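**Q** Just to be clear, the model below is a prediction. Sequence and coordinates:
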Amino acid sequence: MKLLKSVMNTKVISIIGGHGQMGTLFRQLWQNQGYVVHAIGRKDLESCDKILAQSAAVIICVPIKDTTAMIAKLAPRLNKSTILADFTSLKVEPLMTMLAEYSGPVLGLHPMFGPTINAPHNQIIVHCQGRNPDACQWLIDSLKQLGFTLKSMSAAKHDQAMNFIQGIEHFVTFSLGTFLYHKQEHPQELLEIASPIYLAKLLLMGRIFDQDPALYADIIMADTKRIQLIKEFSLWLNQWVTQLEQCNKAEFIAEFKQASAWMGDFTAYAQRVSDDFLTIDL
């Protein structure tokens, strides 16, 4: 990742959890912009008041299960002009906690990517308004200047979308990978006869299983609504297993056509885009 250093900025950014992979990524990016960036780990929390007092923004970048407790711990120690933000993949609960515990500027952020990206180009960060958006704008602008695409969204809409993107999708990937393991059908053997589209699916599955399992456990189990949606999905699958057992081809075709019509132009768009990346020599 190559970024030109800009003129030194006067603002200080502190990242709580800044020694982790995501924290390290953003620390390096903001440093390349010229900001002074402090990485604050667990062992630093009791002695970081001076750094917090100097910070124009404090970013909470800790595991989901620790986020609200960390907000409550740090909020009373901040200047009221400091932006308090988070990188959590859920937004409603962290935002509500920040707004309840802190009276200064509040901003919800969610990087929609992992910490191993090569560059910010084409990478999306969702931002959810909390309090005093004018005071938070410089932080959003700094992310845009780095090359990220910023998408504004309400916290509720974000969490609803994440229940599908992270809840259902990651659970399906977990289910496929673990089922292959229990059936002793190694994905490497499947690669040898896989079509390009199935090859891509297998590689994406393998990519997930190369990550920290605790992270994905926290993501999938992050919210009761997410778990309920997964339950509804499993019931939906069971209904269709019954249809398959009955060889109900007509119902399958009808459901397929209804879903396709509902998706509209997206299906043709998906065909064009996937044709482009599936022609890449893997």
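**A** The structure has been received and is ready for your questions.
**Q** neighbours around the nearest residue to Ile168 once chain neighbours are set aside, how many?
**A** Among residues not flanking Ile168 along the chain, Phe233 sits closest, at 5.6 Å (C-beta to C-beta, 6 or more residues apart in numbering). No exception for glycine: its C-beta is placed from N, CA and C like everyone else's. For Phe233, the count of nearby residues is 15 (other C-beta atoms under 10 Å).
**Q** With just CA atoms, put the helix or strand Phe233 falls within into CSV.
**A** Assessed by DSSP states H and E, Phe233 sits inside helix 224-245. Output of helix 224-245 as CSV, limited to C-alpha atoms (Å, rounded to 0.1, in the frame of the first residue of the first chain):
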residue,chain,number,x,y,z
THR,A,224,-30.4,-11.5,18.9
LYS,A,225,-32.2,-10.2,15.8
ARG,A,226,-29.4,-11.7,13.7
ILE,A,227,-29.7,-15.1,15.3
GLN,A,228,-33.5,-14.9,14.8
LEU,A,229,-33.0,-14.2,11.1
ILE,A,230,-30.6,-17.2,10.8
LYS,A,231,-33.3,-19.3,12.5
GLU,A,232,-35.9,-18.1,10.0
PHE,A,233,-33.5,-18.9,7.2
SER,A,234,-32.9,-22.4,8.5
LEU,A,235,-36.7,-23.0,8.7
TRP,A,236,-37.0,-21.7,5.1
LEU,A,237,-34.3,-24.2,4.0
ASN,A,238,-36.1,-27.1,5.7
GLN,A,239,-39.3,-26.2,3.9
TRP,A,240,-37.5,-26.4,0.6
VAL,A,241,-35.9,-29.7,1.6
THR,A,242,-39.5,-31.0,1.9
GLN,A,243,-40.3,-29.7,-1.5
LEU,A,244,-37.2,-31.4,-3.0
GLU,A,245,-38.1,-34.7,-1.3
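**Q** avg pLDDT for that helix?
**A** Averaging pLDDT along helix 224-245 yields 95.
**Q** confidence score at Gln211?
**A** Predicted confidence (pLDDT) for Gln211: 89.
**Q** who's in contact with it?
**A** For Gln211, the contact set (C-beta atoms under 8 Å, 6 or more residues apart in numbering) comprises Gly114.
**Q** Secondary structure class of it, three-state.
**A** Using DSSP: H, G, I helix; E, B strand; the rest coil, the structure places Gln211 in coil.
**Q** For Arg27, what is the enclosing helix or strand?
**A** Per DSSP H and E, Arg27 falls inside helix 21-32.
**Q** Could you list every helix and strand in contact with that helix?
**A** In terms of contacts (3 or more C-beta pairs under 8 Å, 6 or more residues apart in numbering; DSSP states H and E), helix 21-32 is packed against strand 12-16, strand 36-40, helix 133-146.
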